[in-house]
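> here is the input, now give the coordinates:
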Amino acid sequence: MFNWGSKVAPHAVLVGTILNRGAAFSSCSKLFVGGMSYDTNEIALKDAFSQHGHVIEVKVICHPVTGKSKGYSFLKFSSEDEAAAALEKMSDEVLDGRNIRVHYANRG
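All right, here's what the predicted structure looks like:
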């Protein structure tokens, strides 16, 4: 932690909390998908992941001004088991010509 005299920098606690999140959020129904083609849309993503469970929400993250995809997204499944199955089956798969990365999303 940063120590400035007798005071502790307020952001030091926050950074420590963020860095220690890893194991606490390893099981949830929301997945992060990275490394996507900029052309992959929500429909294509839902179609690909629906083979492994019931997808209830898909959000491709886009630039606020241009509206173009930033190459990553979040998906929410109806259960943790379905999310786990999709994570196992879809990690490092090719979607729209790109190898995608799939991880559990952090809650927050």
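
> residue boundaries of the helices in this protein?
Counting by DSSP state H, the chain forms helices over residues 10-19, 42-49, 80-90, given from the N-terminal end onward.

> give the other helices and strands that the second one contacts.
For helix 42-49, the helices and strands in contact under the criterion 3 or more Cβ pairs under 8 Å, 6 or more residues apart in numbering; DSSP states H and E are strand 55-62, strand 69-77, helix 80-90, strand 94-95. Quick note: C-beta positions are derived from backbone N, CA and C, even for glycine.

> indicate which one of the ones you listed is closest to Ala48.
Proximity of these to Ala48 was assessed by Cβ to Cβ; the nearest stretch is strand 94-95, lying at 5.6 Å.

> mind listing what the closest one pairs with, with the direction of each?
Strands adjacent to strand 94-95 in the sheet, as given by DSSP bridges, are strand 98-99 (antiparallel).

> tabulate the helices and strands packed on helix 42-49 (JSON lines), appending mean pLDDT, distance to Asp39 and mean neighbour count.
Rendered in JSON lines, the data for these read as follows (pLDDT from 0 to 100; distance: least, Cβ to Cβ, whole Å; neighbours: other Cβ atoms under 10 Å):
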{"stretch": "strand 55-62", "mean pLDDT": "97", "distance to Asp39": "10", "mean neighbour count": "16"}
{"stretch": "strand 69-77", "mean pLDDT": "97", "distance to Asp39": "8", "mean neighbour count": "19"}
{"stretch": "helix 80-90", "mean pLDDT": "96", "distance to Asp39": "18", "mean neighbour count": "17"}
{"stretch": "strand 94-95", "mean pLDDT": "96", "distance to Asp39": "10", "mean neighbour count": "14"}
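
> now those in CSV, with distance to Ile43?
What follows is those, written out as CSV (distance: least, Cβ to Cβ, whole Å):
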stretch, distance to Ile43
strand 55-62, 8
strand 69-77, 12
helix 80-90, 16
strand 94-95, 12
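
> would you mind checking which helix or strand in this structure has the lowest mean pLDDT?
Within the chain, no helix or strand scores below helix 10-19, which has a mean of 40 by mean pLDDT, DSSP states H and E.
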